[in-house]
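Asker: Predicted model, plus sequence, below.
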Amino acid sequence: MSDQRPSGLGREADRAAVLAANRAFYDAFEARDLDAMSDLWAHDERVICVHPGWTELRGWGAVASSWAALFGGPQHLQFIVTDEHVVLAGDVAWVSCDENLLAGDGSATVASLNLFARDDAGAWKMLAHHGAPVMAGPGDDES
């Protein structure tokens, strides 16, 4: 799929819209807002979600159920999202970023990849989220 949009302002507007959708994802996650999370995702069988430590979930029904379970659980997370990189390819875009998580029992970093597609109304909808925990490397201070 080639990018049919002219470079410059159109691409910058798309980049800003994708970053806004990505940030809205983390805002909904942090707020444990199932309605806001639902609004961000495509509602079809294309969607895929891999939470850290989980197996792959396919289709909106399975993904929506996972958010309901996570939001109903006891753990409240705060996200500090860093190192966001956006790639645009026509009506598809992806954001790679680091999720720096703060929770009552400590902190962690998750490397994340979020895939978006522009819908018929021009909104960027999430098609995939993949989060992988970042392990401490040799020489990293674990104190």
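Answerer: That came in fine, so what should we check first? Residues are numbered from 1 along each chain as shown.

Asker: element containing Glu45, please.
Answerer: Using DSSP states H and E, Glu45 maps to neither a helix nor a strand.

Asker: show me what contacts it?
Answerer: Residues in contact with Glu45, defined by Cβ atoms under 8 Å, 6 or more residues apart in numbering, are Arg58, Gly59, Trp60. Yep, even glycine has a C-beta here, placed from its N, CA and C like the rest.

Asker: same question, Gly104
Answerer: Counted by Cβ under 8 Å, 6+ apart, Gly104 has contacts Gln75, His76.

Asker: what about it, distance to Pro74?
Answerer: Remark: distance between Gly104 and Pro74 (Cβ to Cβ, to the nearest Å) = 9 Å.

Asker: would you say Ala20 is within a helix?
Answerer: Yes. Remark: Ala20 belongs to a helix, assigned using DSSP: H, G, I helix; E, B strand; the rest coil.

Asker: Need the per-residue pLDDT for it.
Answerer: Ala20 carries a pLDDT value of 98.

Asker: got it, and Pro6?
Answerer: The per-residue pLDDT reported for Pro6 equals 50.

Asker: rewinding a little: adding secondary structure, pLDDT and neighbour count, write the contacts of Glu45 out as JSON lines.
Answerer: As requested, the contacts of Glu45 are exported to JSON lines (DSSP: H, G, I helix; E, B strand; the rest coil; pLDDT from 0 to 100; neighbours: other Cβ atoms under 10 Å):
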{"residue": "Arg58", "secondary structure": "strand", "pLDDT": "98", "neighbour count": "14"}
{"residue": "Gly59", "secondary structure": "coil", "pLDDT": "98", "neighbour count": "15"}
{"residue": "Trp60", "secondary structure": "helix", "pLDDT": "98", "neighbour count": "17"}
